[in-house]
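# Sequence first, then the predicted structure, then my questions.
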Amino acid sequence: MNSVNSTLQVASGAAMIAVETAGSGLPVVFLHANVCDRRMWRAQLKASGPDYQAIAYDRRGFGETRAQAQDHSAVADLLAVIDATAGSTPVILAGCSQGASIALNATLMHPARVRGLMLISPTVNGAPAPVYPPVILEMVARQREAESAADRGRINEIKAELFLDGPLADPGRVTGETRRLFLEMNAIALAAAPVGTNRDDFEAFTRLGAIDVPASIVWGKLDFPHIQERAYTVARLLPHAQGHALEGAAHLAGLEQPDELTGLLKDLVKRCT
């Protein structure tokens, strides 16, 4: 179902956070990855309707959000968005990568505000450090060389290979509008001025068993091996989680397989109602 989208600006500290909403029903707040902005969720906003209200926002340093440099809390920014859009109604948090980490932190810090979780390729504070195979170490070294040379275009292309194509997949595997959108979103992030330090230094990995809400954990089989292993572990440790490994997808499963992800989201909404 197509919904009419609304946009608003939400103040949080020295930031004006760009927010987009669509649909009605149970509120679902979407938290993007560090190589994207809220547009990575446009298929889920388009699919919203009476089943769920989609709420997507750009974090500091991404998309259309504007922020002065200051120490801040990503969880406090999230709560400001929830207060402005869902009020006191508990929400489902749907986060990808670093967005999933913020969702987990918020759930552990404010459990009464959250009624469900969708975590895609999740980063988790306190999880074991990654161990990279040689071929990925080589790609990471190339990225660091590009960063040292301040070559944003090259950095963007390497990040596309790592996170969109998948580090062990053929470079350029994902093409067309999906690749164009990735490069556009990440170019904004790469050019952004510093926004300050996120103060949410929170140990989440050892506390996953305390999360008592329905959860859906999603990962792509072309993602980094350690991220796949981490996602599987999160699905095992969360008491009410279902795990979903997607064939033919890497780190940003929602960009590559939007219909599949929307179906999994609607299943989670049903479990939360």
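Structure received.
# Check the offset of the helix or strand harbouring Val218 from the chain's centre.
Using DSSP states H and E, the element containing Val218 is strand 215-220. Mean-position distance between strand 215-220 and its chain equals 12 Å (C-alpha atoms, centre = their mean, to the nearest Å).
# Return the list of strands paired to that strand, each annotated with direction.
Applying DSSP bridges, strand 215-220 is found paired with strand 114-120 (parallel), strand 241-246 (parallel).
# of these, which approaches Ala204 most closely?
Among the strands paired with strand 215-220, strand 114-120 comes nearest to Ala204, with 11.0 Å by C-beta to C-beta. All C-beta atoms are positioned from the backbone trio N, CA, C, and that covers glycine.
# Using CSV, write out every CA atom in the closest one.
The C-alpha coordinates for strand 114-120 follow below in CSV (Å, rounded to 0.1, in the frame of the first residue of the first chain):
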residue,chain,number,x,y,z
VAL,A,114,10.4,-0.9,22.8
ARG,A,115,8.0,-3.7,21.8
GLY,A,116,10.1,-5.4,19.1
LEU,A,117,13.4,-5.4,17.3
MET,A,118,14.5,-6.0,13.7
LEU,A,119,18.3,-6.1,13.5
ILE,A,120,20.0,-6.3,10.1
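# which residues are contacting that strand?
26, 28, 90-97, 100, 103-104, 106-107, 211, 213-219, 231, 234, 238, 241, 252-254, 261, 264-265, 268-269, 271-272 (C-beta atoms under 8 Å, 6 or more residues apart in numbering).
# I'd like to know how far the spatially most central residue of the chain sits from Asn156.
When the chain is reduced to its mean C-alpha position, the nearest residue by C-alpha atoms, centre = their mean turns out to be Cys96, at 2.4 Å. As judged by C-beta to C-beta, to the nearest Å, Cys96 and Asn156 stand 18 Å apart.
# about what we covered before: deepest-packed of the strands paired with strand 215-220, please.
strand 114-120 (a mean of 26; mean count of other C-beta atoms under 10 Å).
# Sweet, I'm off.
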